[in-house]
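S.K.: The following comprises the amino acid sequence and a computationally predicted model.
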Amino acid sequence: MIKVTFPDGSAREYEKGVQLYEIARSISEGLARNVLGAVVNGETRGLQETLTENASVRFVRFEDPEGKAIFWHTSAHIMALAVQRLYPDVRFAIGPAIDDGFYYDFDTEHRFSPEDLERIEEEMKKIVAEGHLLERFEMSREEALDRFRPMGEVYKVDLIESLPEDEVISFYQLGEFIDLCRGPHLKDISKVKAIKLLSIAGAYWRGDEKNKMLQRIYGTTYEKKKDLEAHLHFLEEAKKRDHRKIGREMDLFSMHEEGPGFPFFHSKGMIIRNELESFWREKHKAAGYDEIRTPMILNESLWHRSGHWDHYKENMYFTKIDDEEYAIKPMNCPGSILIYKNRMYSYRDFPMRWAELGLVHRHELSGALHGLMRVRAFTQDDAHLFMTAGMIKEEIKGVIRLCDDIYGTFGFNYHMELSTRPENSMGEREQWDFAELQLKEALGEMGREYILNEGDGAFYGPKIDFHLADAIGRTWQCGTIQLDFQMPERFDMTYINEQGEKARPVMVHRTILGSLERFMGILIEEFAGKFPLWIAPEQVRVIPVSDRHHAFSKKVADQLLEAGFRVRHDQRSEKVGYKIRQAQMEKVPYMLVIGDKEMDEGVFAVRHFSVDEKGKNKQFEMGLPELIDKLREEVSSRAIQA
RNA sequence: GCUACUGUGGCUCAAUGGUAGAGCAGCUCACUCGUAAUGAGCAGGUUGUCAGUUCGAUUCUGACCAGUAGCUCCA
């Protein structure tokens, strides 16, 4: 007998080898009908799996993240069976659950079209209606290879061969389709009621561009049709927040065929950008940074010395000056280092924090470009910190705190990732280990959670990255903290230590916004163009009711201008409703409608674009001096919500 | 760069193997108006570029360019 404990602290005994489904049923028939799987000793399992030893069991439903993962992973198998029925020559690669659905990678001569997605969707519905139970079984490695090799399932064979010797190899059978899979899966697929296949895309086998490109189909499924519709509605709504669309509508920036990946900032975009820069300077000054600026074009020899030539040449632009080869900087660090080497430093000077809003150019692959999020010319809010090895941890923590402060100002959520030594790295193993340990300890001491990306570091050092999400949940790396022992070595950087000897400083490269361009993209999507007052390109729109109010409304507009606000006086001969509609669509935070009443009473009805519980614009009345005080307060506090 | 798809006036979209039309935006005129669209008129396009097929291409074919989704890469 084995003992099973449940989240409420209760426990029961079962026969060894009991199915999780039996356990669910023993507690309650209703539960057995509703649960999708279970978390057993912290590991997610399907209900068709068995228990052989004492365990703590928590059953999960669709609402739980584990439940969704099981549900979507199973949906991927249903799709695979449908594809096998419709396109018998197909070879299967992998088909996992992702954040909001699933995909499966297929290799077939047939090129999938959008119409095919509908056919596959129909077939999936048929399969679900057939009422299969997903059964799990195990095979030995030899049995598995004997089974899949003759079928020509090269990807499955590849997967089996790469599994560790002692790994249990499990399979799931759905109708006539047997798939190599660790699981977990639903036992009963009839729960997959609402199905939508979303897109087709290419994806390399094992994510390596040297391998064959497979066809990937993305889809999502729900237990309830209503939830699927809600999800599709969310995607539609998110499209409206796309920074490329809002950027055009609000006249913030533009892209042109003449300069792919090189954004053009319009005057309204520049207001946001300049406000962002002032904010950034203020925060960095307070955090003990000094600002520098280094040239955009530097001699090629510098890039040989820095290692960029060997590790980053493919992404660099080059040019010639008087028969000498020059490179356009893809990173700011070598420039900073030249300033560093301009004189001698003492340990007493450390830590030194040099910040630079540096415009860098990188030849990104054409297919990777994406609005402001991924461009070929961007301004990094870079900084290079120079210190002794003993200062590393505190400095890392300081940067993390600055990130918290700056992202917090905008109310952004973010997650962190730690990336370790890559294959093409420079430098000694021990240095890397030490550097990685410093980063891990800094995160650990601050109690931060992070995702570990083995082998994903920069060529000169390990890094911590900060990722922010866009409107549809894609995350973009913004902040980064990179430890570097290599550049100081390569450039023979020194300082004088307490013993009066020359010593090697440690260098930290870091950004917080990441790039002003990307950060603005995130900012636009986060606020859907309804910016906090302090960064709004136009803060107040003054709207006279008719021409005879113009003289008075102009005075009001002028006073607001003098008070330092960005104001537009809309004197066009249009109806009030029309002007309000326009100001609303242009997402101007405050509107002041001025007519007879205002002229007589000197009190203004102010309309704000944020909405109340009833979905109406917030509206309030106040005199001009009070309004100016209120707006000043809102700007200086950098309030997110008015 | 790779796979698939897309490319018609500033924006959103329509149409056709016989050289393009609407709405919004713009401009002009009238209206002087109280909280999300006043009316009328005008102007605006060598249908992404270059070739090919054809009596004739914007429509068919090819190459290139740009964009979209994903992969790879990355701030």
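M.R.: Nice, I can see it. These figures come from a predicted structure and were not determined experimentally. Numbers count the residues shown, from 1 in each chain, chains lettered A, B, ... in the order given.
S.K.: Give me the next element, helix or strand, following the longest helix along chain A.
M.R.: As assigned by DSSP state H, the longest helix anywhere in chain A is helix A:65-86. Per DSSP states H and E, the first helix or strand lying C-terminal to helix A:65-86 is strand A:91-92.
S.K.: What average pLDDT does the helix or strand following that following strand get?
M.R.: Once strand A:91-92 ends, the next helix or strand along the chain (criterion: DSSP H and E) is strand A:97-98. The average pLDDT within strand A:97-98 is 92.
S.K.: So which elements touch strand A:97-98?
M.R.: In this structure, strand A:97-98 packs against helix A:65-86, with contacts taken as 3 or more CB pairs under 8 Å, 6 or more residues apart in numbering; DSSP states H and E. C-beta coordinates here come from the backbone N, C-alpha and C atoms, glycine included.
S.K.: quick one, domains of chain A?
M.R.: Taking automatic domain parsing as the criterion, chain A consists of the domains A:2-54, A:65-230, A:248-527, A:540-636.
S.K.: Just the terminal-to-terminal distance for the third one.
M.R.: Spelled out, it's domain A:248-527. Using CA to CA, to the nearest Å, the end-to-end distance of domain A:248-527 comes to 15 Å.
S.K.: who in the stretch 1-150 of chain A is up against RNA strand B?
M.R.: Within the stretch 1-150 of chain A, the positions near RNA strand B by CB under 7 Å from any atom of the strand are A:111, A:113.
S.K.: rewinding a little: may I have the longest helix of chain A exported as CSV, CA atoms only?
M.R.: Taking Å, rounded to 0.1, in the frame of the first residue of the first chain, the C-alpha atoms of helix A:65-86 are listed here in CSV:
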residue,chain,number,x,y,z
PRO,A,65,-1.4,26.7,-15.3
GLU,A,66,-0.5,23.0,-15.0
GLY,A,67,-4.0,22.2,-16.3
LYS,A,68,-3.6,24.4,-19.3
ALA,A,69,-0.3,22.8,-20.1
ILE,A,70,-1.8,19.3,-20.1
PHE,A,71,-4.8,20.5,-22.1
TRP,A,72,-2.8,22.2,-24.8
HIS,A,73,-0.1,19.5,-25.0
THR,A,74,-2.9,17.0,-25.6
SER,A,75,-4.4,19.3,-28.2
ALA,A,76,-1.1,19.2,-30.0
HIS,A,77,-1.5,15.4,-30.2
ILE,A,78,-5.0,15.7,-31.5
MET,A,79,-3.8,18.0,-34.2
ALA,A,80,-1.0,15.6,-35.1
LEU,A,81,-3.5,12.8,-35.6
ALA,A,82,-5.6,15.0,-37.8
VAL,A,83,-2.6,15.9,-39.9
GLN,A,84,-1.6,12.3,-40.2
ARG,A,85,-5.0,11.4,-41.5
LEU,A,86,-5.1,14.2,-44.0
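S.K.: Could you pull out the buried residues of that helix?
M.R.: Under the neighbour-count criterion of 16 or more other CB atoms under 10 Å, helix A:65-86 has A:66-85 buried.
S.K.: Now the phi/psi pair for the residue most central in space within chain A, please.
M.R.: Nearest to the geometric centre of chain A sits residue A:475, at 1.1 Å (CA atoms, centre = their mean). Backbone torsions of residue A:475, given as degrees, to the nearest 10, read phi -100, psi 150.
S.K.: quick one, what contacts it?
M.R.: Residues in contact with residue A:475, defined by CB atoms under 8 Å, 6 or more residues apart in numbering, are A:415, A:467-469.
S.K.: swap the cut-off to 10 Å and go again
M.R.: Residue A:475 is in contact with A:99, A:414-415, A:417, A:465-469, A:522, counting by CB atoms under 10 Å, 6 or more residues apart in numbering.
S.K.: Ok, residue A:210 next?
M.R.: Residue A:210 sits next to residue A:204 when contact means CB under 10 Å, 6+ apart.
S.K.: quick one, which of the domains of chain A is nearest to residue A:239?
M.R.: domain A:248-527 (7.8 Å; CB to CB).
S.K.: For RNA strand B, tell me whether the closest one is touching it.
M.R.: Yes. For domain A:248-527, a contact with RNA strand B is found by CB under 7 Å from any atom of the strand, at A:248, A:255, A:257, A:260-261, A:315, A:362, A:364-371, A:373-376, A:378, A:380, A:456, A:458, A:465, A:474, A:476-480, A:511, A:514-515, A:517-518.
S.K.: Make a PyMOL selection of whichever of the residues you listed turn out to be buried.
M.R.: Buried residues within the residues of domain A:248-527 next to RNA strand B, by 16+ other CB under 10 Å, are selected in PyMOL with:
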select buried, chain A and resi 255+261+362+364+370+371+373+374+375+376+378+380+458+465+476+477+478+479+480+511+514+515+517+518
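S.K.: confidence score at residue A:642?
M.R.: Taking residue A:642 on its own, its pLDDT is 58.
S.K.: repeat for residue A:211
M.R.: Per-residue confidence at residue A:211 stands at 91 (pLDDT).
S.K.: Point me to the helix or strand that includes it.
M.R.: Counting by DSSP H and E, residue A:211 is found in no helix or strand.
S.K.: Verify the stated contact: residue A:130 with residue A:175.
M.R.: Yes. Judged on CB atoms under 10 Å, residue A:130 makes contact with residue A:175 at a distance of 6.8 Å.
S.K.: any residues in contact with both of those two?
M.R.: Taking CB under 10 Å, 6+ apart as the contact rule, residue A:130 and residue A:175 both touch A:81, A:189.
S.K.: Remind me which helix or strand residue A:482 belongs to.
M.R.: Element membership for residue A:482, per DSSP H and E: strand A:475-484.
S.K.: Give me the sheet partners of the host helix or strand of residue A:318 and which way each runs.
M.R.: In this assignment (DSSP H and E), residue A:318 forms part of strand A:317-321. Note on strand A:317-321: by DSSP bridges, its sheet partners are strand A:324-328 (antiparallel).
S.K.: And the strand it pairs with, what's buried?
M.R.: Of all the residues in strand A:324-328, those buried under the rule 16+ other CB under 10 Å are A:326-328.
S.K.: Contacts for the next helix or strand after it, please.
M.R.: Per DSSP H and E, the first helix or strand lying C-terminal to strand A:324-328 is helix A:333-340. Outside helix A:333-340, the residues that touch it by CB under 10 Å, 6+ apart are A:292-296, A:298, A:302-303, A:305-308, A:327, A:329, A:352, A:354-356, A:358, A:382-384, A:386, A:460, A:482, A:484, A:487-488, A:490-491, A:493-495, A:505, A:507, A:509.
S.K.: Contacts only, for the nearest residue to residue A:431 once chain neighbours are set aside.
M.R.: Nearest residue to residue A:431 in three dimensions, chain neighbours excluded: residue A:485, at 4.6 Å (CB to CB, 6 or more residues apart in numbering). Residues near residue A:485 by CB under 10 Å, 6+ apart: A:389, A:426-428, A:430-432, A:434-435, A:460-461, A:504-507.
S.K.: let's see it at 7 Å
M.R.: Going by CB atoms under 7 Å, 6 or more residues apart in numbering, residue A:485 touches A:427, A:431, A:435, A:461, A:506.
S.K.: Surely the first one and residue A:488 touch.
M.R.: Okay, so that is residue A:427. No. Between residue A:427 and residue A:488 there is no contact under CB atoms under 7 Å: 10.5 Å.
S.K.: on that earlier part again, just the buried residues of strand A:324-328 now: which is nearest RNA strand B?
M.R.: Using CB to the nearest atom of the strand, residue A:328 comes nearest to RNA strand B of the buried residues of strand A:324-328, at 14.2 Å.
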